[in-house]
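> Okay, predicted coordinates and the sequence, questions at the end:
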Amino acid sequence: MLGYVIKRLVYMIPTLIGMSIIAFLIIQLPPGDYVTSLIASMSDNGQNADPAQIEAMRRAYGFDDPIWLQYWKWISGILSRGDFGYSFEWNRPVADLIWERMGSTLAISLASLLFVWAVSLPIGIYSAMRRHSVGDYAFTFLGFIGLAVPNFILALTLMYVSYKFMGQSVGGLFSPEYVEAPWSWDKVVDLMAHLWIPIVVIGTSGTAALIRILRANLTDELNKPYVVTARAKGLPEYKAVLKYPVRIALNPFVSAIGWVLPELISGVTITAIVLNLPTAGPLLLRSLISQDMYLAGSFILLMGVLTLAGMLISGPAAGAARPAHPVHLMATHTFSDEVETGPAVTALKARPGRTETAAAGQWTLVWLKFVRNKVAVGAGLVILALYLIGLFAEFLAPALPEASRPQFTYAPPQEIRLFTSQPDGSQRFEPHVTGYTMTVDQASLRRNYAIDESKVVPIGFFVAGASYRLWGLFELDVHLIGPLKKTDTMYLLGTDKLGRDLLSRLIHGTRVSMSIGLIGVAISLCLGVVLGSLSGFYGGAVDMVIQRLIEVISSMPTIPLWLGLAAAIPLTWSPLTVYFVITLIVSLFGWTGLAREVRGRFFALRSEDFVTAARLDGSSERRLIFRHILPSLTSHILAVVTLALPTMIVAETALSFLGIGLKAPIVSWGVLLQDAQNVRTIATASWLLIWPAGAVVLTVLAYNFLGDGLRDAADPYES
Amino acid sequence: MRMDIGTAAPRNQSDTEVVLKVEGLSLDFRLRNQVLHAAREVSFALRRGKTLCLVGESGSGKSVTARALLRIIDRNGAIAGGRILLGGGGSEIDIAQLPERSPDLLKIRGGRIGLVFQEPMSSLSPVHTIGSQIIEALLLHRRMTKKQARAEAIELLRQVEIPDPDRMIDRYTFEFSGGMRQRAMIAMALACDPDLLIADEPTTALDVTTQAEILDLIKRLQVSRGMAMLLITHDMGIVAEVADEVAVMRFGQIVESGDVDDIFHDARHPYTRALLSSTVRLEVNRRALTRGAAVAGDERPVLSVRNLSKVYGASAAWLGGAKHAIRAVEDVSFDLHPGENLGIVGESGSGKTTLGRLILRTVEPSGGRVEYFGGAAPMDVTRLSRSGLKAFHRDVRLVFQDPFSSLNPRMTVRQIIGEPLHVSGLARGAALEKRVGELLELVGLDPFAMERYPHAFSGGQRQRIGIARALALDPRIIIADEATAALDVSIRAQILDLLLDIQKRLNLSFLFISHDISVVRYFCDRIAVMHRGRLVELGDAEQICTAPQQPYTKSLISAVPNPDPRHKRMLHRTRFGA
């Protein structure tokens, strides 16, 4: 046991070194440094910098040294003196700034972890014991939603809810009146009132994931023989379950710290930015944008260390509780050769034309199994529909995404009515939307729109509208739906602050958001499959090196890394280039899960009898990999990839939402959500939050259902 | 006296009290598309001090019937009819009618009926000590303090002959060997002095000698406590040695039941007869009949093994001191002659499977030499290069144990059998297809089967496909590694006959590795007995099986149950102290 811990610690050292190098490199990526950005802001203010002074500053800060020297100085400072460098922006040593923030980051992360455990344990046990009951379905559905809704959207929604319905002040940890006040009971209550949103938001997806894992593991354990023994002894059911299988099913619970912790720290980061909490997140973002390199680098490094520490703790804890491997003494399978006479059965429903599965290959069987899962098929159709929408975006959108009408800013959505009442009292079939009357509020000078029944704007299908180029190639002007008169306006989902039609922007955003996922996943796929196969097939030294690489990359909390890389993109690059670089960033860290899965399966398959048989048949190594092992993997890879796609989409959305991803004139769901960043906007123009957020949630949900269905169908040969 | 299906003629052994009576029990399982009638109108009675054996092959419903007696069947199963009457002490309870959570049912489980399972490793909790599990059973059903329960648990462990029970009581499951785990399970089942003990295949996962010990123990305990016993098994040999009464089950119905002597020597139902004949058939040496012209012993052996060894874990770990070396195979030498069948027999841990892998060099030997004389020139297999090894693997092929995992489920039968042909370049395209068709016919399958995937075939058919693959390159030697262990008794003999048949047509030798002595006796010319990595005895098949010389071999042979209740052998076996 001690040897194991020491071994893990030793392995951690190269990982730590790798992490610090990555952190430092990210900081160095943006062209220029603090001094150049200082000069830029000074010249913005009309000041001129003295060249001699600049030189002196450069030398003092060490910016003239070669990169490796700067790195070395930084690391040796940390290790020998605990000196993390100097923050140029705040004019204080980084160490001062960090500890107060990291403390609260850690506190909130741990509180969320406790929340996750406390909630998922009883629900998981209940779900496993009462499978397919109403309660189980309800929890599973809630769990899916919890997994699907991205952190920041949930944060925004909860903020809105608590502002609108509970009249609470939001943001920060304390209401304004309590910030400086001494500690009192009221202050504690106020803290709790502010704290529940971050903890719920951060903990939700972890809870959902752990419930699913616990439910699956416990279900497996409940079918094992020792549970039957316990019942045969005369133990009542709940006792038999709690005493025996739950203890075993808890193993992954404990080792789950390994991957829940980085997620929590990431979650804290982005949620804190939205909710303006005094933790590491907001400070990190600021330091990245202003290139305050030592502050940013130290934050990233510390977050990585925190994560590694968590993984180190969870490893042996899980290992200690693992039971020893059973040794099978003799074969226990016995198969009957009776193919003609079978057991006595009564058919419940007529078999609908039994397909000849004897000659059915792998993909036919997978398809048959997949099709039985109606929810997954439905989800697949939804995804297909979304891609088609993205493909034909220009045709489907009623207006151009950039067309703005200053007289219609923040206009509410219009309803489609089918009948107009005629002067003679009868109804005529005339699809239309009702227009607006606009009034200006004298006190706040804000426009108010009221639906005016008298204004009728007829609409129709296949109307001629603003002209566009489909896919940049074909010049057309027909739109699927729109106002009959070209000069009228139709805002089915309302408008934004520039008077642009939200529906059209949403449709165009579909194209960008859905396609980023595809490209990102293709890159991850190549990396993950190649590295995972090499690692799993050859084992030994190759495996060890690749494993360390995977560990370094997957231990770093993703959000801070994404922030770092995205902030490094020069502002001068074209939107399209930015688009591709964002996909690259998002996919660079997503391949580790796939690599792990592929490696695990390779290990499992390497020792299968049929692989040994193929080797004895004389197959070369290459043939073994491609002909015998890989085909067993493809359906699993497909399932994993489908589950990885939504991560990419959410990542792009998050980055664009924070303002460091895609920017105008490119339209994506994240760019749309930028408009919904503060509570006041949401309160008056809630459609700006609901529709883009709804699109994201729908997509993620659909991908999750589809991926789940694929994963279930991926191995058609297991019973 | 004997009972046939349906009749419930009373027996005239009214002096032995009936502990449990099952009347017309029917069990239904709801599957996705159909309802499976796992048990149909099953009736039998269990008497104090007597053993009833419930026999059947897989899928007969015997296990599920036993579990239904304690009402621990799966959620999708239900009792569709019948009564389970637990008697004794005047009152009678119908277990089938008790509600699911009733305290009476909990008291019966473990308190009045004990249950012993097949696989003690997975049937005992991996994270609790043996002692705590036994004590838990005691505290559930008997009034005693924890201290008393602990003392009682130690006493129980002593009764089941576990050495040093004071220390072993605090050990975990994985620290016990297979036989000891089963003894611990028996102790747990008997902790509360039940009236009835149900043993569901208690020795299937154990070695032959351990099996004899356990059955011995159960029998003695049953007699001394006056319990009734229901023993479930598929092995007719055990039935003959242990049972007083027998009930034969097939597809959920009892097709024949009665006294053990009647069943074995006057079986009426065709299924019972078929079951008996496939078991009894293996009692003779079929090989002697099919050998034809005697194998000339003067010819040079086709395979020669000298001082072969394999040691695991001999190097010291860098942290934590030296580990104990495991000598899986130690100094084994023998010859295999052309056209000969050599059987390698041993219990688990004897090294027989490792021996097969060493010869093929899928595991590298630690010492010794293997020489092959069947090719153009003699080869020293232990020193062959990669390409030389490929040539060797064309001549010496392997048939695997598990027909499910040895065929790639994603390849058609044609691709599986054709793989060695394709890789060695011997045949491609149409020629390959023709050859695969020939091979399929050789093993008794329809050539059209080559278009199908393995999942369309039964276990025995898949094993035939595996044999066809092994024959694809016209080998000289086939190593069969427990090739029949995963098959039902009735098809075991078929596969063995097939192999003997093929051998007549082709120029083949077999190295037949098995733990099952009767199978080896049926098939082989000579038998080599292995024990703890060493070759203990090597001789003629008949001689080894009827008049062994070495003490270990004697204990092994005598522990094999004899499927003839008139000549019980197992309970008079010799014991080997090692």
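Sure, I can see it. Numbers count the residues shown, from 1 in each chain, chains lettered A, B, ... in the order given.
> And chain A, what are its domain boundaries?
If you go by automatic domain parsing, the domain ranges for chain A are A:2-93, A:99-291, A:414-490, A:506-713.
> Let me know the pLDDT of B:Phe44.
pLDDT recorded at B:Phe44 is 91.
> quick one: it is in a helix?
No - under DSSP: H, G, I helix; E, B strand; the rest coil, B:Phe44 sits outside any helix and is assigned strand.
> Ranking helices and strands of the chain by mean pLDDT, which lands last?
No chain in the question, so chain A it is. Here the helix or strand of chain A ranked lowest by mean pLDDT, DSSP states H and E is strand A:345-347, holding a mean of 66.
> Actually, chain B is the one I wanted.
Least confident helix or strand, chain B: strand B:2-3 with a mean of 42, by mean pLDDT, DSSP H and E.
> Just give me the neighbour total for A:Met192.
10 (other C-beta atoms under 10 Å in any protein chain shown). In short, each C-beta sits where N, CA and C put it, glycine included.
> before we move on, what about A:Ile39?
16.
> Report the secondary structure state of B:Val345.
Classification of B:Val345 by three-state DSSP places it in strand.
> correction: B:Val22
Going by three-state DSSP: B:Val22 is strand.
> how far away is the residue of chain A positioned farthest from its centre from B:Gln494?
Farthest-out residue of chain A from its mean C-alpha position, per C-alpha atoms, centre = their mean: A:Asp424, at 57.0 Å. Separation of A:Asp424 from B:Gln494 (C-beta to C-beta, to the nearest Å): 92 Å.
> quick one, strands of the stretch 151-300 of chain B?
Taking DSSP state E, counting those that start in this stretch to define them, one finds strands in the stretch 151-300 of chain B at B:196-200, B:228-233, B:245-250, B:253-259.
> so can I have TSV of these showing distance to chain A?
As requested, those are arranged in TSV below (distance: least, C-beta to the nearest C-beta, whole Å):
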stretch	distance to chain A
strand B:196-200	9
strand B:228-233	11
strand B:245-250	9
strand B:253-259	8
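> Those into JSON lines, with extra columns for mean pLDDT and distance to A:Lys243?
Below are those laid out as JSON lines (pLDDT from 0 to 100; distance: least, C-beta to C-beta, whole Å):
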{"stretch": "strand B:196-200", "mean pLDDT": "92", "distance to A:Lys243": "23"}
{"stretch": "strand B:228-233", "mean pLDDT": "93", "distance to A:Lys243": "27"}
{"stretch": "strand B:245-250", "mean pLDDT": "92", "distance to A:Lys243": "34"}
{"stretch": "strand B:253-259", "mean pLDDT": "90", "distance to A:Lys243": "37"}
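> Would you reformat those strands as a markdown table and include mean neighbour count and distance to B:Ala449?
As requested, the strands of the stretch 151-300 of chain B are exported to a markdown table (neighbours: other C-beta atoms under 10 Å in any protein chain shown; distance: least, C-beta to C-beta, whole Å):
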| stretch | mean neighbour count | distance to B:Ala449 |
| --- | --- | --- |
| strand B:196-200 | 24 | 36 |
| strand B:228-233 | 25 | 34 |
| strand B:245-250 | 24 | 27 |
| strand B:253-259 | 22 | 32 |
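> all strands in chain A, in order from the N-terminus.
Using DSSP state E, the strands of chain A run over A:86-87, A:92-93, A:345-347, A:416-421, A:427-440, A:447-470, A:474-483.
> Now do the contacts for the closest residue to A:Glu608 other than its chain neighbours.
Excluding the flanking residues, the one nearest A:Glu608 by C-beta to C-beta, 6 or more residues apart in numbering or on different chains is B:Ser405, at 5.7 Å. For B:Ser405, the contacting residues are A:608-610, by C-beta atoms under 8 Å, 6 or more residues apart in numbering or on different chains.
> Deepest-packed of the strands of chain A, please.
Of all those, strand A:86-87 has the most neighbours on average by mean count of other C-beta atoms under 10 Å in any protein chain shown, namely a mean of 22.
> Show me the residue sitting in the middle of the chain in space.
This is for chain A. A:Thr647 (3.8 Å).
> oops, I was thinking of chain B
Central residue of chain B (C-alpha atoms, centre = their mean): B:Thr204, 4.9 Å from the mean position.
> pretty sure that residue is in contact with B:Thr233, am I right?
Yes - counting by C-beta atoms under 8 Å, B:Thr204 touches B:Thr233, with 7.4 Å between them.
> Spell out which residues sit in contact with A:Ser619, please.
Counting by C-beta under 8 Å, 6+ apart, A:Ser619 has contacts A:627-628, B:419, B:423.
> Select, from the residues you listed, the two members most distant in space.
A:His628 and B:Val423 (11.2 Å; C-beta to C-beta).
> Compare the two (neighbour count), which wins?
Taking neighbours as other C-beta under 10 Å, A:His628 and B:Val423 compare with A:His628 leading, 22 against 18.
> That one and chain B, how far apart?
A:His628 sits 6 Å away from chain B, going by C-beta to the nearest C-beta, to the nearest Å.
> my read: that residue touches B:Asn408, true?
Yes - under the criterion of C-beta under 8 Å, A:His628 makes contact with B:Asn408 at 6.1 Å.
> mind listing which of the contacts of A:Ser619 are in helices?
Residues of these located in helices (DSSP state H): B:419, B:423.
> residue ranges with poor pLDDT in the stretch 101-250 of chain A?
By pLDDT under 70, the weakly predicted segments of the stretch 101-250 of chain A are A:166-174, A:178-179, A:181.
> Please enumerate the helices of it.
For the stretch 101-250 of chain A, the helices defined by DSSP state H, counting those that start in this stretch occupy A:134-148, A:151-166, A:185-222, A:225-232, A:237-243, A:245-249.
> Would you mind confirming that A:Pro692 makes contact with A:Leu673?
Yes - between A:Pro692 and A:Leu673 a contact is recorded at 5.1 Å, counting by C-beta under 8 Å.
> which regions of the stretch 301-450 of chain A lie under the pLDDT threshold?
For the stretch 301-450 of chain A, the stretches with pLDDT under 70 are A:313-343, A:345-358, A:445.
> residue boundaries of the helices in it?
Applying DSSP H, counting those that start in this stretch to the stretch 301-450 of chain A gives helices spanning A:362-371, A:374-391, A:393-396.
> Chain B: which of those is closest?
Comparing those by their distance to chain B (C-beta to the nearest C-beta), the top pick is helix A:362-371, with 4.6 Å.
> Okay, buried residues for that closest one please.
Within helix A:362-371, the residues that qualify as buried are A:362, A:365-366, A:369-370, counting by 16 or more other C-beta atoms under 10 Å in any protein chain shown.
> could you pick out which of the residues you listed are near chain B?
By C-beta under 8 Å from any C-beta of the partner chain, the members of the buried residues of helix A:362-371 lying near chain B are A:Gln362.
> Identify the residues contacting the closest residue to A:Gly390 other than its chain neighbours.
Among residues not flanking A:Gly390 along the chain, A:Arg511 sits closest, at 3.8 Å (C-beta to C-beta, 6+ apart). By C-beta under 8 Å, 6+ apart, A:Arg511 lies in contact with A:389-391, A:393.
> What about these, which one has the most neighbours?
Most surrounded of the contacts of A:Arg511: other C-beta under 10 Å gives A:Ala393, at 22 neighbours.
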